[in-house]
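A.B. asks: Everything below, folded, please.
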Amino acid sequence: MGCCLTRCIPDGKMATQFEAELNEDVFVNADQLRTKSTFSGHASLLHADEVHCVQEIGKGDSGIVYKGTYRGSTVVEKRMKMSTHKPTEAMEKSLEVVASRMSSLRHPNTVLFMGVCLRDQAFCIISEYCSRGSLYDILHTTKESHLHTMHTSGDRINEDKESSEGGFHWHLRCRLALGAARGLLYLHSASPPLVHGQLTSANILVDDSWNAKLADFGTRQVSQAVQSKPRHPAKTNGRLPYWTAPEILKAVSDNVDMTAENPQGADIYSLGYGKPTYFI
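C.D. replies: Alright, predicted model coming up:
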């Protein structure tokens, strides 16, 4: 998203406008957190038989993702395997803390947490379904489609420039970038701040109205609780991804438990790193 903003904002006036909107969110979010979001609510334990999984739509280091339905609504179920047949007392306490924080969040730019359930020796997080998928998928699909059109039409325009723009109009890029920033600001404005810790385009989801929504902001802690081992950022080809902040790299190198609170700067680093974060 860092590269998107620098390439897409056409003039100083527009930049000032977006900055004003973001600053306005600071005060709005602060009021919301004082009156509503204290991270002290109780998570809803859903009945597993009410959540009907339709198809597997993704798989990652922390679990398997399914598309399904819950009481007539289309939802997503992220299923994380537990290290024990049943949750231990310590595990239940950890999960309650994390789930309570997630259930208290309500913001247009964060994925709506709907509840949790236990299924097949797995802890499941149920959340809203975003029909357009991840920002990663959108950027790559648009990029590939744009390149195909350019080659089949015989267009000789600079390929590097075209592929980096990906066929997106600047105002849509700015809308998605601003949405992701607003969602992150909301998490960081909590007391105590909620640090995402693994922000990439793969967990910035987009709904039917082209609103960017941050996802997976609690799954690292949940995965730590259910698997009873430290969770580090997922590795690619044996190496940590480009978006990983230096302080997290140091923690991994020192074999420090990543369940400890990470600095907010780690998220800012990932959000603003640029092209590798969003295209790799």
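
A.B. asks: contacts, neighbours, all on C-alpha from now
C.D. replies: Noted.

A.B. asks: can you give me the strands in this structure?
C.D. replies: With strands called from DSSP state E, the chain shows them at 51-59, 64-70, 73-81, 113-119, 122-128, 204-206, 212-214.

A.B. asks: Distance to Gly272 and mean neighbour count added to these, as CSV?
C.D. replies: Listed next are these as CSV, based on distance: least, C-alpha to C-alpha, whole Å; neighbours: other C-alpha atoms under 10 Å:
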stretch, distance to Gly272, mean neighbour count
strand 51-59, 26, 14
strand 64-70, 27, 20
strand 73-81, 27, 22
strand 113-119, 26, 20
strand 122-128, 26, 23
strand 204-206, 14, 27
strand 212-214, 15, 28
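
A.B. asks: any chance of those strands in CSV, with mean pLDDT and distance to His196 too?
C.D. replies: What follows is those, written out as CSV (pLDDT from 0 to 100; distance: least, C-alpha to C-alpha, whole Å):
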stretch, mean pLDDT, distance to His196
strand 51-59, 93, 19
strand 64-70, 96, 19
strand 73-81, 93, 17
strand 113-119, 89, 15
strand 122-128, 92, 16
strand 204-206, 95, 11
strand 212-214, 97, 9
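
A.B. asks: Reformat those as a markdown table; add distance to Pro192.
C.D. replies: Below are the strands of the chain laid out as a markdown table (distance: least, C-alpha to C-alpha, whole Å):
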| stretch | distance to Pro192 |
| --- | --- |
| strand 51-59 | 30 |
| strand 64-70 | 28 |
| strand 73-81 | 25 |
| strand 113-119 | 19 |
| strand 122-128 | 22 |
| strand 204-206 | 22 |
| strand 212-214 | 18 |
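
A.B. asks: Between the ones you listed, which one is closest to Ala90.
C.D. replies: Among these, the nearest to Ala90 by C-alpha to C-alpha is strand 122-128 (14.4 Å).

A.B. asks: Of the strands of the chain, which is nearest Met102?
C.D. replies: Taking C-alpha to C-alpha, strand 113-119 is the member of the strands of the chain nearest to Met102, at 6.4 Å.

A.B. asks: Could you tell me the angle between the closest one and strand 73-81?
C.D. replies: Compare the direction of strand 113-119 with that of strand 73-81 by axes from the mean of the first three to the mean of the last three C-alpha atoms, to 10 degrees and you get 50 degrees.

A.B. asks: Now do strand 113-119 and strand 64-70, the angle between them.
C.D. replies: Using the same axes, to 10 degrees: strand 113-119 against strand 64-70 is 110 degrees.

A.B. asks: Are there helices or strands packed against strand 113-119, and which ones?
C.D. replies: Here strand 113-119 touches helix 89-103, strand 122-128, going by 3 or more C-alpha pairs under 8 Å, 6 or more residues apart in numbering; DSSP states H and E.
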